[in-house]
Each structure stands twice: as C-alpha cells, then as structure tokens.
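# Model the following, please.
(3 chains)
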Amino acid sequence: MAILRKDLIRELRTREMLISMILFVLLAMVIFHYAFTVKEGADLTYFTGGMLWVTFIFAMLLGLNRSFAQEKDERCLDGLLLCPVDRVIIFLAKTAGNLIFLLLIQVVAVPVFTLFFVERSYVGDLLPFLVVLLLADVGICALGTLLATISMNTRSRDLLLPIIFLPLIVPVLIAATGATTLIFAEGAGFGGLLARVLFLLGFDAVFVVAAYGTYDFAIGE
Amino acid sequence: MPLEIEVEGLRKTFGRREVLKGLSFSLERGGFLSIFGPNGAGKTTTLRVLATLLTAGAGTVRVAGHDVRDDPMPVRRTIGFISHNPMLYLDLTALENLRFYADMYGVDDREARITELLERLELSHRRHDVVRTYSKGMRQRLAIARAILHRPRVLLLDEPHSGLDPRAVDILDGLLTDIRDEHTFVMVTHNIAKGLEWGTRLMIVENGRIAYEHAAGVDPESFSAVYREHVQEGSVL
Amino acid sequence: MKQLVSAPALFVGAGICLVGGLLLAFLYAPVDASSMGFSQKIFYYHVPIAETALVAFGIAFVAAIAYLRTQNLKWDRLGVVCVRLGLLFSLLVMITGMIWGKAAWDVWWAWEPRLTTFLLVCFLYIAYLVLRSVVEEEQRRATYAAVFAIIAFIDVPITFFATRFLPEGLHPVVITAGGTGMEGSMLVGFLISMLGMTLLLVALIRRDLAVEDLKDRVADLKHSIGG
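Got it, this is the predicted structure:
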C-alpha cells in the first residue's frame, strides 16, 4: 500500500532509525556479555533467548516512538486522516512497516548474538525458529503500533510508551523466550515448543483483532 | 443553487471549555465564505469539523450532501484542506509527496495531474528535491498542490495567505481565480482585504457564536467598523 | 439497582458477610490436613479478594466498551473507579499471598502463575492510571483509557496462561476440574466470604462514584466562578 511504501522510502532515505537501532542492538549484546559473564567459561546459551527478546522489545520501543514522532511533526497525521482511507488500513500499514523494520534488525542481530553466545548449532532447527520469530514479531508490532498511536498524542509521549507497552507484552516475552531458548539449547523438540508457538499464534490473533476494533478510536480526535 | 455546506447547531467542547456554542450557517455551491474572528473564537475548530478531523459534540454538519459524522468518506473525497501546517513529509521529495497523496486519493491521471500542478505552482524545477530543503513559501505552494490534487469540489482554507511571499500570494490568487467557478470555498482569515475581495458571504465568529453574517457587497468602511468592534486584532485595510 | 439497596445497607451487608465468613473459617471449618495447617485459613480471604479484583477489572472492561459506543463520560467514571478498586484489591491479593506463602512455606515470594499474574496485572493497571494522568482533555483521556482498559483486560487471562510456561511453583490448585475439592464445612465459609467481598466491591464502587461526582461538581463550580 501507498502508506507502507511512503514509510519505507522515508526510512531508507534517512536511514537514521535503522542504523541507530542496529547499533543499539549490537551494543546491547556487548553489555549483556559484560553483565552476565561473571564466572569464567560460563555458558550463556540458556540466556540468549531472553537477551534477544529483551533487546528487540526495547529496540522497538525506540523505533515506535520515532516512527510516530515524524507523523506528529508537520501535522502529517492530519494529512493522513483527511484521506478517504479506513483508519484500520493506516494501522495495518504502520504495523507492517514496523514489522519489516524489526525483521531487518533481527537479520543482523540474531546471527551476531548466537555466534557469540550459543554453544550448539541450531541451523537444523531454523524453520521453527523463524516461525517463532515471526509470530512474536507480529504481536510486538501490532500491539506496539496501537499503543504508540495513543501515546504519541499525550504529554510525555516517550516516557509513556514503555509503561503501557511492557506489561502487555510480557506474555509474548515469556513464550518467545522459552521457545527460543529451547531451540538454542535443546533443539526443536515438540511438546514444549508447540505449546508456545500456539500460544503466540493465539496472542497475535486476539490482539490484532482487538487493535482492529479499537484503532478508529485510538487515532481519531 | 444546492447547498454544499449545511451546519446546524454545531457544538464542541474541549474538556470544560465550550468552544462552539451552537453555530448554524449554510453555503450554496459555488459560494465563498470568509470567516473572520479573534483568536480562539472557534474558527479553526469549525473548519476542522467540516474537514472531518474533529467530531462535533452536538449538531449536524453536512458537506456535499453527506453527514460529516456518519458518512465521512465521501466528504473526504470532495474536500481539500489548506492550513498553515503544510502536512508534507519533509524527508520525501515533492514528487514523492504528491505521488503518495495521489495514491491515497485514487487520482487516476496521477503523473499528468502532478506535472500540471507542479508547473502551475512553479515548483517543477525542484520536484526531485527533498521538502526539507524548501523555503516556507515553497512548502506552502506544494501544500496547495497537495490539497487540490484530487480535484476537490470544496476547499477549506485556514489562513492560507499567512507566511507567503508576494510571489506565492500571486500564484495562490491566480489559482483561486482559475478554479473559482464550480468550487465552493470556506476561508478563515485575518486578512480583511482578501476576505472581502473573495467572499460572497462574510461571517464573524466570536466566542463560539456567529456575531455577524452578511452577503458580500458591504461597504468596506462599515465592515471595518464592525470588524474592529468584534475583533481586537487583525490586519486592517 | 441503585435504588434497590442503599449504600449503608450494602456496607453493613458486606461487613456481616465478611465477619461471618471469618468466624466460620476459624471456628467451624476444620484445620487443613496438608502441611499448610492453620495458615490455610487465609485462603478464605485471599481467593475472594482475587476474584473480586478480576470482577472489578471486568466491569471496567464493559464500561470501556460502553464508553466507546456512547461517548458518555459516566462510563469513563465507572471505569476509573473500578480500575482503582481492582488495583487495591490486587495489591491485597499480593499481600495476603505473601503472608500465606511465608506462613505456609516460609518464603515471601515465588514466581508462580497466580502471583506473577497479579503482579503483572498491578503493573498493567498502574499503567492505565499513568496513561490517564498524561492526557489533559477529558474526552480524549476517556477514549484512550477505554482502549487500554479493553486491551488490558484481554491480556489478563493471556498473561495467566503465559505464566504457566514458567517453571513449577508451590501454589496449591484450589479449584480443579472436578469440583472445589473442599468439604462442605469449608465451602460454606468460603462462599460467604466470596459474597461478602463482592458486596464490599459494589459498596465501594457506589461510594467512589459518588465521590467522583462530588469532585466534578466542585470543579464545575470553581470553573464557573472563574477559578
């Protein structure tokens, strides 16, 4: 859609956000290394899942703020609202944009992280891993876009988003982390993995529907 | 002449403050309504309600035969909005901006229309430049292009002449003259000269109510007197 | 409903039920056979408080939908009141939970499903209150709060399921699929406590609504004087 293209062009042109977020993610990795390597030869494989998802969530918080701040700036949001488009389309486009964004960052971050922290090769389990990744990403982006739309219109917009976003995203964090760690540490054995994947699917379904229903209100005036 | 704009008992409250206290007016197709009034009177609010950007607290508002609250989509297709915020994406080029809006509005002859407008507004030579590099006057000109891209029948203008350099004012006036027929206008302005020059109906909004309403053709002197009475500031003849 | 039962009566009714439940718990019901022993009695308050908190959030959820439909601010007011009370009850759940934990298993905290869920629920609805505090304009604040209340309430059961993915905990499962797993004598006390808590909630809601109404009227007066 046109909105998606517009957002992507803008981002590729300035590249600010992309570069900052990638830098952030890499820095996070370094920080985690120092923060957790207390014992000599400690195996952080079981922690990598957590590290990855925490990093992604916080990176998204930064990214979401930026993406909406731009709309707010030149009153572009008004321009958008004047167009004869359904508000939900705006939501879907924005979410898709954020999703692509997140995926780009992950493409960089995941290999780097796992190279440094994960002991065993999980290339054989790549498919399940990608499934988990995608499902969790959708949840994060959908919820994040909805909440960012709200928080962008408030007084302390940057500070508010983490506060309202984090409690809501914890379930995704738990499931994604568990799934990812399982894959890294023990291989994609079913059972535990399946349950978590289904959970993420359910989460996505529920919240995309919820966002769909409430977005009109969130973006209007 | 059919009525293009019908407003009946328009009310709007922001928090505790009632900004619009029951406005009622109408404008026939082809008409040009000039709205004056002191700051904070509710002029811009009224315009934003007409533009479907705000929902009214009470009252009915119909634009081009559609109710603004119940049926906003057709309304959005028929209106163009020009305010002092250009609503342009700074990091995109002029061409990209216009292409975006053209797509959003579903303009059929996209490229031709864009080229035509860019020439009209004398921006063709800069069309591949990022809007961030534009001067204020140029941004306003591009904003005008954005607003009339989809050939709207109704134009809502919020102080369109403010901040424009003389050349841009000429271009804008030229453009308005060209599309004067077949179009309906509502213009909020502090510029009495322009308001009187263009308007077929004149209105002064004060404190959320219509303080004065008259068809055009008034004696400028007496209008100035009425204006001064209701509006403390504003550019005088 | 408002005219049916007057406020004081509600409080009295709630009080009787609660005290009654307590008495029954201590005097009538037998001491729990498992290792928890006497401390299990806190269960008679702990669980009802938890249920009531969820009921409060549920009402807020319904109120939020009602507000978005009607744009009538009275629903917003109901929503805030319920969230605040729900939050209060949730904090009590955590406190009683921690007391129980300490008394029964000698540990102040455990990362197990129910406690964790309530912890997150607390954060969630505190976020709701924070959200309200940064939006100045009434209608918009109500709108955003409503959207959040809806999302938050949906998230509660989801969070609960998510916490089950975490490693095992110590919390005994009270209501299993089969039945309540409680004997008659325990059940009576429990149910009366439940009733009492719910009545308390209703009474508090009514009282808070009245307080909010007063606050509003005072603000209106101030505004018209020019304050």
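# Return the residues of chain A in contact with chain C.
Counting by C-beta under 8 Å from any C-beta of the partner chain, chain A comes close to chain C at A:143, A:146, A:150-151, A:153-156, A:160, A:163-164, A:166-168, A:170-172, A:174-175, A:178, A:195-196, A:199, A:202-203, A:206-207, A:210-211, A:214, A:217-218, A:220-221. Where C-beta positions appear, they are placed from N, C-alpha and C, glycine not excepted.
# Show me what residue of chain B gets nearest to chain C.
Using C-beta to the nearest C-beta, the closest approach of chain B to chain C is made by residue B:15 at 4.8 Å.
# Might you report the residue contacts of the closest residue to residue B:27 other than its chain neighbours?
Take residue B:27 and drop its neighbours on the chain: the residue closest to it by C-beta to C-beta, 6 or more residues apart in numbering or on different chains is residue B:5, 4.2 Å away. By C-beta atoms under 8 Å, 6 or more residues apart in numbering or on different chains, the contact list for residue B:5 reads B:25, B:26, B:27, B:33, B:50, B:62, B:63, B:154, B:184, B:186.
# Export those as TSV, with columns for secondary structure and pLDDT.
Output for the contacts of residue B:5, formatted as TSV (DSSP: H, G, I helix; E, B strand; the rest coil; pLDDT from 0 to 100):
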residue	secondary structure	pLDDT
B:25	strand	84
B:26	strand	85
B:27	strand	86
B:33	strand	87
B:50	helix	86
B:62	strand	86
B:63	strand	86
B:154	strand	89
B:184	strand	88
B:186	strand	88
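# can I get these in a markdown table with distance to residue A:91 and neighbour count?
Below are the contacts of residue B:5 laid out as a markdown table (distance: C-beta to C-beta, whole Å; neighbours: other C-beta atoms under 10 Å in any protein chain shown):
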| residue | distance to residue A:91 | neighbour count |
| --- | --- | --- |
| B:25 | 35 | 18 |
| B:26 | 36 | 14 |
| B:27 | 34 | 23 |
| B:33 | 35 | 25 |
| B:50 | 25 | 24 |
| B:62 | 28 | 20 |
| B:63 | 25 | 29 |
| B:154 | 28 | 21 |
| B:184 | 32 | 25 |
| B:186 | 31 | 28 |
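# Return the member of the residues you listed nearest to residue B:101.
Taking C-beta to C-beta as the measure, residue B:101 lies nearest residue B:154 of these, at 16.9 Å.
# how about low-confidence regions in chain C?
Along chain C, the parts satisfying pLDDT under 70 run over C:1-44, C:103-112, C:165-190, C:226-227.
# so where do the helices sit in it?
C:7-23, C:43-70, C:73-105, C:113-133, C:138-163, C:184-225 (DSSP state H).
# cool, chain A as well?
Counting by DSSP H, the helices of chain A are A:2-14, A:16-36, A:45-73, A:76-82, A:87-117, A:126-152, A:157-186, A:192-219.
# any chance of those in TSV, plus mean pLDDT and mean neighbour count?
Shown next, in TSV, are these (pLDDT from 0 to 100; neighbours: other C-beta atoms under 10 Å in any protein chain shown):
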stretch	mean pLDDT	mean neighbour count
helix A:2-14	64	17
helix A:16-36	80	15
helix A:45-73	80	20
helix A:76-82	80	21
helix A:87-117	82	19
helix A:126-152	85	23
helix A:157-186	82	22
helix A:192-219	80	19
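# Format those helices as JSON lines; extra columns: distance to residue B:227.
Shown next, in JSON lines, are the helices of chain A (distance: least, C-beta to C-beta, whole Å):
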{"stretch": "helix A:2-14", "distance to residue B:227": "43"}
{"stretch": "helix A:16-36", "distance to residue B:227": "48"}
{"stretch": "helix A:45-73", "distance to residue B:227": "35"}
{"stretch": "helix A:76-82", "distance to residue B:227": "29"}
{"stretch": "helix A:87-117", "distance to residue B:227": "40"}
{"stretch": "helix A:126-152", "distance to residue B:227": "39"}
{"stretch": "helix A:157-186", "distance to residue B:227": "40"}
{"stretch": "helix A:192-219", "distance to residue B:227": "38"}
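# between those, which one is nearest to residue B:226?
That would be helix A:76-82 among those, by C-beta to C-beta, at 32.3 Å.
# list the helices and strands that closest one packs on?
helix A:45-73, strand B:79-82 (3 or more C-beta pairs under 8 Å, 6 or more residues apart in numbering or on different chains; DSSP states H and E).
# what helix or strand is the residue sitting nearest the centre point of chain B on?
Nearest to the geometric centre of chain B sits residue B:157, at 1.4 Å (C-alpha atoms, centre = their mean). If you go by DSSP states H and E, residue B:157 is part of strand B:154-158.
# right, is that strand up against chain A?
No - using C-beta under 8 Å from any C-beta, strand B:154-158 stays clear of chain A, coming no nearer than 9.7 Å.
# Show me the contact partners of the helix or strand that contains residue B:35.
For residue B:35, the host element (DSSP H and E) is strand B:32-36. Defining contact as C-beta under 8 Å, 6+ apart, one finds that strand B:32-36 is touched by B:5, B:25, B:27, B:43, B:46-47, B:180, B:184-190, B:192, B:194-196, B:198-205, B:227, B:230-231, B:234.
# so how far does stretch B:79-95 reach from one end to the other?
Distance between the two ends of stretch B:79-95: 21 Å, counting by C-alpha to C-alpha, to the nearest Å.
# Contact residues of chain C facing chain A?
Checking chain C against chain A by C-beta under 8 Å from any C-beta, the hits are C:68, C:120, C:123-124, C:127-128, C:130-131, C:134-136, C:140, C:143-144, C:146-148, C:150-152, C:154-155, C:158-159, C:161-163, C:165-166.
# Over to chain B?
So far as C-beta under 8 Å from any C-beta goes, chain B lies against chain A at B:51-55, B:73-74, B:76-77, B:79, B:81, B:83, B:85-92, B:96, B:100-101, B:103-106, B:130, B:146.
# Narrow those residues to those that are buried.
Neighbour-count burial (16 or more other C-beta atoms under 10 Å in any protein chain shown) applied to the residues of chain B next to chain A gives B:51-55, B:76-77, B:79, B:81, B:83, B:85-92, B:96, B:100-101, B:103-105, B:130, B:146.
# Narrow those residues to those in helices?
B:76, B:77, B:96, B:100, B:101, B:103, B:104, B:105, B:146.
# any chance of the residues you listed in a markdown table, plus pLDDT?
Converted to a markdown table, these look like this (pLDDT from 0 to 100):
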| residue | pLDDT |
| --- | --- |
| B:76 | 87 |
| B:77 | 87 |
| B:96 | 83 |
| B:100 | 84 |
| B:101 | 86 |
| B:103 | 83 |
| B:104 | 82 |
| B:105 | 84 |
| B:146 | 88 |
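# Please work out how many residues are found near residue B:162.
The tally of other residues near residue B:162 (other C-beta atoms under 10 Å in any protein chain shown) stands at 13.
# Thought residue B:84 was touching it, still the case?
Yes - Residue B:162 is in contact with residue B:84 according to C-beta atoms under 8 Å; the separation is 6.0 Å.
# How about the contacts made by the residue lying closest to residue A:76 once chain neighbours are set aside?
Leaving aside its chain neighbours, residue A:76 sits nearest to residue B:87 (5.5 Å; criterion: C-beta to C-beta, 6+ apart). Going by C-beta under 8 Å, 6+ apart, residue B:87 touches A:74, A:75, A:76, A:78, A:79, A:82, B:143, B:146.
# Tell me how far residue C:122 lies from chain B.
According to C-beta to the nearest C-beta, to the nearest Å, residue C:122 and chain B sit 29 Å apart.
# Enumerate every residue touching the closest residue to that residue other than its chain neighbours.
Leaving out its chain neighbours, the residue that sits closest to residue C:122 by C-beta to C-beta, 6+ apart is residue C:90, at 5.1 Å. Contact partners of residue C:90, counting by C-beta under 8 Å, 6+ apart, are C:50, C:53, C:118, C:121, C:122, C:125.
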